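**Student:** Just a sequence and a predicted model for now, questions to come.
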Amino acid sequence: QVRLVESGGDSVQAGGSLRLSCVSSGSSLSTRAVGWFRQAPGKEREGVSYISDGSGVYAESVKGRFTISRDNVRDTVYLQMNNLKPEDTAVYYCATGPLPVQSLDPRAYDYWGQGTQVTVSS
């Protein structure tokens, strides 16, 4: 049984930064692709970033502001979010999928966390 737990969500003002963390129990994150997704009220879940067997890949809306990274010692995946905007407000989820998943499509991922709320005020 794989269980993912996200943390780091908070309320910040526009221009601020947050770092989200994703940890796993039951399966090492270092052996799987990890994606970050978000869902705002009334909107579909969208892919933000993923890291597979190479560098991170980003949605256009966050490129240059967000950075995904792995810490294989801590078996944690981070999403550093800088220059946050009100439109980044959403519940953020991490998810894992089998390598070599290389997609921002949520259907490619099979295990999901419960999400962490990010609220950005103007």
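**Tutor:** Good, I have the coordinates. Numbering: from 1, shown residues only.

**Student:** ok, and for stretch 55-71, which residues are buried?
**Tutor:** In terms of neighbour count (16 or more other C-beta atoms under 10 Å), stretch 55-71 has its buried residues at 56-59, 62, 66, 68, 70. Backbone N, C-alpha and C define where each C-beta goes, glycine included.

**Student:** Now for Q114: which residues touch it?
**Tutor:** For Q114, the contacting residues are 5-6, 93, by C-beta atoms under 8 Å, 6 or more residues apart in numbering.

**Student:** Is it in a helix, a strand, or coil?
**Tutor:** Using DSSP: H, G, I helix; E, B strand; the rest coil as the criterion, the local structure at Q114 reads coil.

**Student:** re the thing from before, now, which of the contacts of Q114 sits nearest D75?
**Tutor:** V5 (11.8 Å; C-beta to C-beta).

**Student:** dump the residue contacts of that closest one.
**Tutor:** Shown in contact with V5 (C-beta under 8 Å, 6+ apart): 22-25, 113-114.

**Student:** Give me the most central residue, the protein.
**Tutor:** Nearest to the centroid of the C-alpha atoms of the chain, with distances taken as C-alpha atoms, centre = their mean, sits W36, at 2.3 Å.

**Student:** For R65, see how far away N83 is.
**Tutor:** Using C-beta to C-beta, to the nearest Å, N83 is found at 5 Å from R65.

**Student:** Output the contacting helices and strands for the helix or strand hosting L20.
**Tutor:** Under the criterion of DSSP states H and E, L20 resides in strand 18-25. Other helices and strands packing on strand 18-25, by 3 or more C-beta pairs under 8 Å, 6 or more residues apart in numbering; DSSP states H and E, are strand 3-7, strand 32-39, strand 76-81, strand 90-98, strand 116-121.

**Student:** please redo it, this time with the cut-off set to 7 Å
**Tutor:** Packed against strand 18-25 by the contact rule (3 or more C-beta pairs under 7 Å, 6 or more residues apart in numbering; DSSP states H and E) you find strand 3-7, strand 76-81, strand 90-98.

**Student:** Buried residues of the second one, list them for me.
**Tutor:** Across strand 76-81, burial judged by 16+ other C-beta under 10 Å covers 76-79, 81.
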